[in-house]
Structure formats: structure tokens, C-alpha cells
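Participant: Make a model of this:
(one chain, ligands or ions: 2)
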Amino acid sequence: MKIIAVLHEALGASKVLSGEALQNRYCHIWQMDETFKAKAVILPHSTEDVSKTLKICHEHRQSVVVHGGLTNLVGSTEVNADNVVISMEKMNTIEELDEKSRSITVQAGVIVEHIQDTAKEKELLFPLNFGARGSAQIGGAISTNAGGLRVFRFGMTRNLVLGLEAVLANGTIVSSLKKIIKNNSGYDIKQLFIGSEGTLGIVTKAVLKLVEAPKSRNSAFVALNDFDKVISFLKYADKMLAGTLSAYELIWARSYQQMTSEKTGKKPPISYGYPFYVLLESLGNDVEKDRLKLEKLLETGLEKGHITDAVPAYNEADLNWFWSIREDTSVLGRDMPYFQRFDVSLPIAQIGNYVEEVQGKLAKINGVVPACAFGHVADGNIHFSIGKQSNSMELKNRINEIVYTPLKALGGSVSAEHGIGLDKKAYLSLCRNEAEIQLMKSLKKTLDPYNILNPGKVLDI
Ligand code: LAC
Ligand code: ZN
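Facilitator: Ligands and ions are numbered 1, 2, ... in the order given. All right, here's what the predicted structure looks like:
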């Protein structure tokens with residue numbers, strides 16, 4: 001317990017929680033009734049606090065896990081009783097919005113939706129968007145290089161970070177909070193901290209890129225008869241909408257039925273009976289013309305046989321209805337006591353066959369509901385939510401093997417956007433070769449020689 005006394009001394013008692021003070025903290029946004037055991041939870045108010053904490057932890061060889069909004073889906077924020085947790089919730093200030101350079105400077109604990117709302121007030125858009133935006137913190141989104149619903153047009157989190165400040169394992173602050181888009185002056189150091197899940201350093205601040213806010217937002221649900229049409233209509237829509245297509249979300253029939261079942265209180269915008277549904281979005285700058293353009297797309301898409309049915313969102317209420325169907329994925333697989341989630345990536349042309357093959361294999365296992373599939377198909381990123389009766393390790397591994405094994409030959413990835421964390425560590429070598437993994441390990445050893453930062457996540461050292 002010596003280290004707690006040292007942390008108290010350095011930070012002040014109010015920033016160091018331990019013992020009973022941890023009882024009302026929860027381990028995950030979906031398990032708010034479950035607490036966790038840790039040596040202490042540190043609540044830094046500044047980068048200097050994070051630096052002091054890490055310097056002490058480094059000296060004491062003390063392992064550290066960072067907590068943000070706890071929406072992670074791969075176990076990256078899991079804690080054991082020997083860990084010190086650094087929770088970023090008090091570092092929740094938006095420091096500056098610069099309309100001219102179209103950037104926003106934020107502390108790591110700011111909620112993603114708060115950044116979106118603040119940008120909107122100035123007629124700007126922070127394009128990062130995903131279902132958990134109301135809870136997820138930007139530091140976590142950066143640490144996991146979060147993807148989401150508009151990657152197709154605006155890129156992953158990585159593409160939206162202009163400048164970054166992070167603290168190294170030994171407490172050194174590496175700050176480069178520049179607002180510039182182009183910076184070819186040597187290695188792009190910030191990329192080390194983006195997507196490395198808190199294993200190479202702790203993100204404390206970022207300068208994020210904003211774009212002009214769109215004036216129009218149009219969406220439609222379409223139904224399609226086979227997977228080739230999903231691809232042909234994507235190409236057609238992208239061409240017809242001339243740069244305004246911003247989302248193209250595919251939902252397989254079984255998932256669509258669950259997402260609009262009576263339980264959810266959401267009606268299906270298009271009737272059941274088709275194998276594929278796509279929810280698409282265009283963001284443009286001319287309300288009237290953009291609406292007509294989308295209507296024209298649906299009309300000619302039907303005429304040319306790309307799609308078999310289509311329903312546009314006619315107003316704000318429709319938009320919210322359509323998107324809430326897609327965003328609330330927690331309804332999938334929930335009729336079973338346990339479930340497994342996946343976020344694989346593979347070349348778009350292979351997705352139809354791959355999903356069919358995976359579902360076929362899963363259907364043969366007793367007590368497993370053939371996977372509900374959906375995803376950001378335009379990015380080659382598909383999710384599965386697989387419900388199951390048992391939580392046995394054997395079944396978990398069997399399902400993992402079915403989903404992950406084909407990805408090697410297909411040139412895919414075991415994680416498109418959620419990261420590796422604990423859940424996918426054993427499968428990393430399916431999509432990363434030996435030379436890549438060795439280089440990752442040597443970076444880890446250089447930046448964190450005592451393996452104190454999120455140890456055991458992503459890689460085993
Ligand atoms: C989504 C999350 C699960 O796409 O990545 O809904
Ligand atoms: Zn996703």
C-alpha cells in the first residue's frame with residue numbers, strides 16, 4: 001500500500017480513491033451493476049497530474065489501466081486488483097474551438113457527443129460518429145482509433161487527429177498540439193498513441209479536425225436481393241450522389257428483424273422478406289437539391305434493378321427512427337444469456353460468401369443462434385453479434401475460430417475498429433505477420449520497459 005501513500009502525497013487525497021471509495025464505480029457501461037477491484041483509482045485534473053502519477057508508477061513498477069467512458073468492446077479496460085486505474089473523467093474541458101483553422105482542442109475526458117454539439121454551434125461538424133457517442137470519451141476513441149458510421153467519407157479517428165499530447169510510461173509529457181494539417185517533419189509520433197489501446201502512452205489532449213457542417217442530411221432504407229447488388233448499388237450511389245454519400249450500413253435480414261422486433265418498439269421501415277437491407281446517408285449543402293438527388297437515386301436504382309424496395313426518411317422524426325434502428329445494436333443476440341461480438345474487416349467483394357460460410361458453420365452448433373450480421377460494408381467492416389446458451393471457454397474459442405480463421409486467406413483483419421484488447425490477442429497473428437509483431441513488441445519495450453501500461457492487452461511481452 002506504500003504506493004497509495006506516495007500518490008496521495010503527490011496528488012492530494014481527493015484525486016486518489018481506494019478501498020470503499022471504489023465501491024460505486026462500474027466496470028463497463030453495459031454492466032453498471034458490476035464494480036471492479038483495483039489498488040486505486042486516480043482522477044487527474046491535468047496532464048501534470050497524469051505525468052506525476054506515471055512517474056511514480058514507473059518507479060514502483062506499478063501497472064496502470066486507463067478508464068474513459070468504458071464502452072470498449074474487447075476487454076481493453078479490464079482491471080485486476082493489482083492495477084492502478086487512471087480515470088480521465090475530470091479532464092473534460094474543451095479548451096478551444098478555432099473556427100478559422102477548423103479545429104477543436106480538447107482534453108481526453110471530453111465526451112464525443114459534447115465535441116459534436118460544440119462544433120455544431122459554430123456550424124462545423126466533428127465527423128466521428130458511433131452509437132456510444134453519448135458515453136465514450138475522446139481519449140478512448142483516440143486510443144482505440146474508433147471507427148463508426150461515417151468512416152467511408154471522413155476516415156477513422158486517426159484521420160481526424162491533427163495534434164496530440166500523451167504521457168509516456170516514465171511520466172515524460174510528449175506534447176504536439178499543433179493545428180496544422182500537414183507536418184512532414186520526421187516521424188509522425190502521434191500515430192504511436194492512436195490505436196495502441198493505452199499500451200504505449202496515455203493520451204491527455206488532442207487537436208481534432210472539423211469540417212463545414214452539412215446543411216442537409218438525407219437517409220433512406222433500401223432492400224436488395226443479393227450481395228452483388230449491395231456492391232453494385234454502393235458504386236452507383238457513390239457516383240450519383242457525387243461525393244455526398246456519407247454512410248452505407250448493411251443489415252442482414254435476421255438482424256433487421258431483431259432490430260425492429262416488437263420488443264424494440266421500432267417499426268420496420270421496409271417490410272420483411274428481403275435478404276439485405278441498407279441504410280444510407282448523404283450529407284450535402286443544398287436542402288432541396290440534395291433531397292431530390294436522393295429520390296432520383298432511389299428511383300433509378302429501382303429501375304436499373306440494383307434495389308428492390310426503398311423508403312426515404314421524410315423528416316427529422318424518420319431520420320431518428322431509421323438511425324436508432326441501426327445504432328441500437330444491443331438488441332442483437334440478447335434473447336440468449338451470453339453473446340460474442342465481432343468487428344472483422346475483409347475485401348468487400350468477399351463479404352457475402354464469408355458471412356454465409358460463417359453462419360452455416362455456426363448453425364451446426366447446438367445452443368448458438370446463427371450470427372446476426374450487420375456493418376459498415378462500404379469500409380469492408382462487418383459485425384457479428386452471436387447469442388449463445390453457454391459461456392464455456394471451449395464454445396467461445398470454437399466460435400472465434402469459425403469467425404477468424406478464414407480471414408487470413410482472405411487478407412482481412414480480426415479487428416476493423418474495436419481493437420485487440422484481451423479478446424483478440426490470441427488471433428493477432430492471423431492478420432499480422434511475424435515481422436510486424438516483433439516490431440510492435442520492440443516499440444512496446446522501448447516506450448514501456450517495465451510493461452506497466454495496460455499490461456497483457458494487445459500483445460504479450
Ligand atoms: C457499431 C459498433 C458496434 O457499428 O461498432 O454499431
Ligand atoms: Zn461498428
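Participant: Give me every residue in the stretch 251-400 of the chain lying close to ligand 1.
Facilitator: Thr329, Asp343, His383 (C-beta under 6 Å from any ligand atom). C-betas here are computed from N, CA, C, even on glycine.
Participant: And for Asn400, the neighbour number?
Facilitator: Neighbour count for Asn400, taken as other C-beta atoms under 10 Å: 17.
Participant: And it, which helix or strand is it part of?
Facilitator: helix 393-410 (DSSP states H and E).
Participant: what sits up against that helix?
Facilitator: With contacts defined as C-beta atoms under 8 Å, 6 or more residues apart in numbering, helix 393-410 is touched by 340, 342, 344, 346-347, 350, 354, 357-358, 361-362, 365, 367-368, 371, 384, 386, 388, 412-414, 424, 426-427, 430-431.
Participant: Which of the residues you listed are buried? Put it as a PyMOL command.
Facilitator: Typed into PyMOL, the next command selects the buried ones out of the contacts of helix 393-410 (criterion: 16 or more other C-beta atoms under 10 Å):
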select buried, resi 340+342+344+346+350+354+358+361+362+365+368+371+384+386+388+412+413+414+424+427+430+431
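Participant: so Lys289, which of the three states?
Facilitator: helix (DSSP: H, G, I helix; E, B strand; the rest coil).
Participant: Quick check, pLDDT for it.
Facilitator: Predicted confidence (pLDDT) at Lys289: the value is 96.
Participant: Spatially nearest residue to whichever residue of the stretch 1-150 of the chain sits closest to ligand 1 (excluding sequence neighbours)?
Facilitator: The stretch 1-150 of the chain approaches ligand 1 most closely through Gly131 (4.8 Å), counting by C-beta to the nearest ligand atom. Once flanking residues are discounted, Gly131 sits nearest to Glu327: 4.0 Å by C-beta to C-beta, 6 or more residues apart in numbering.
Participant: Just give the number of residues close to the one you found.
Facilitator: Close neighbours of Glu327, defined as other C-beta under 10 Å, add up to 19.
Participant: quick one: average pLDDT of the helix holding Asn400?
Facilitator: 98.
Participant: buried residues in it?
Facilitator: So helix 393-410, judged by 16+ other C-beta under 10 Å, has buried residues Leu395, Lys396, Ile399, Asn400, Ile402, Val403, Tyr404, Pro406, Leu407, Leu410.
Participant: Kindly report the same for stretch 263-277.
Facilitator: For stretch 263-277, a neighbour-count test (16+ other C-beta under 10 Å) marks Lys266, Pro268, Pro269, Ile270, Tyr274, Pro275, Phe276, Tyr277 as buried.
Participant: Among those residues, name the ones in strands.
Facilitator: Among the buried residues of stretch 263-277, DSSP state E puts Phe276, Tyr277 in strands.
Participant: For the residue of the stretch 301-450 of the chain found nearest ligand 1, give me the pLDDT.
Facilitator: Here the stretch 301-450 of the chain gets closest to ligand 1 at one residue, Thr329, 4.5 Å apart by C-beta to the nearest ligand atom. At Thr329, the pLDDT value in this model is 90.
Participant: didn't it look like it was pressed against Gly131?
Facilitator: Yes: here Thr329 reaches Gly131: they are 6.5 Å apart, a contact under C-beta atoms under 8 Å.
Participant: out of these two, which sits in the busier spot?
Facilitator: Counted by other C-beta under 10 Å, Thr329 and Gly131 do not tie: Thr329 has more neighbours, with 21 against 17.
Participant: residues near the closest residue in space to Pro214 that isn't next to it in sequence, how many?
Facilitator: Closest residue to Pro214 apart from its sequence neighbours, by C-beta to C-beta, 6+ apart: Leu283 at 3.7 Å. Neighbourhood size, Leu283 [other C-beta under 10 Å]: 24.
Participant: Can you report how many residues lie near the closest residue to His67 other than its chain neighbours?
Facilitator: Distances taken as C-beta to C-beta, 6+ apart put Ser87 closest to His67, at 4.2 Å, once the chain neighbours are dropped. A count of nearby residues for Ser87, using other C-beta under 10 Å, gives 21.
Participant: Give the next helix or strand downstream of the strand or helix carrying Lys229.
Facilitator: Lys229 is part of helix 227-240, with elements assigned from DSSP H and E. Going down the chain from helix 227-240, the next helix or strand is strand 245-252, by DSSP H and E.
Participant: Please save the CA atoms from that next one in PDB.
Facilitator: Taking Å, rounded to 0.1, in the frame of the first residue of the first chain, the C-alpha atoms of strand 245-252 are listed here in PDB:
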ATOM      1  CA  LEU A 245     -22.600   9.800 -49.600                       C
ATOM      2  CA  SER A 246     -21.500   9.600 -46.000                       C
ATOM      3  CA  ALA A 247     -22.800   6.200 -44.700                       C
ATOM      4  CA  TYR A 248     -23.800   2.900 -46.200                       C
ATOM      5  CA  GLU A 249     -24.800   0.500 -43.500                       C
ATOM      6  CA  LEU A 250     -25.700  -3.100 -44.400                       C
ATOM      7  CA  ILE A 251     -28.100  -5.100 -42.200                       C
ATOM      8  CA  TRP A 252     -28.700  -8.800 -42.900                       C
END
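Participant: Show me what the following helix or strand past it is in contact with.
Facilitator: Downstream of strand 245-252, the first helix or strand assigned by DSSP H and E is helix 253-259. With C-beta under 8 Å, 6+ apart as the test, helix 253-259 has contacts from 251, 264, 266, 268, 272, 274-277, 325-326, 328-329, 331-332, 335, 370, 372-374, 385.
Participant: where does the stretch 351-461 of the chain have low pLDDT?
Facilitator: Nowhere does the stretch 351-461 of the chain drop to pLDDT under 70.
Participant: just the strands in it please.
Facilitator: 372-376, 381-388 (DSSP state E, counting those that start in this stretch).
Participant: quick one: the longest one to helix 393-410, angle?
Facilitator: Comparing the axes of strand 381-388 and helix 393-410 via axes from the mean of the first three to the mean of the last three C-alpha atoms, to 10 degrees yields an angle of 160 degrees.
Participant: which residue is nearest the middle of this structure?
Facilitator: Ala146 (3.5 Å; C-alpha atoms, centre = their mean).
Participant: what kind of secondary structure is that one in?
Facilitator: coil.
Participant: so it touches Ala136, yeah?
Facilitator: Yes: Ala146 lies in contact with Ala136 (C-beta under 8 Å); the separation is 7.2 Å.
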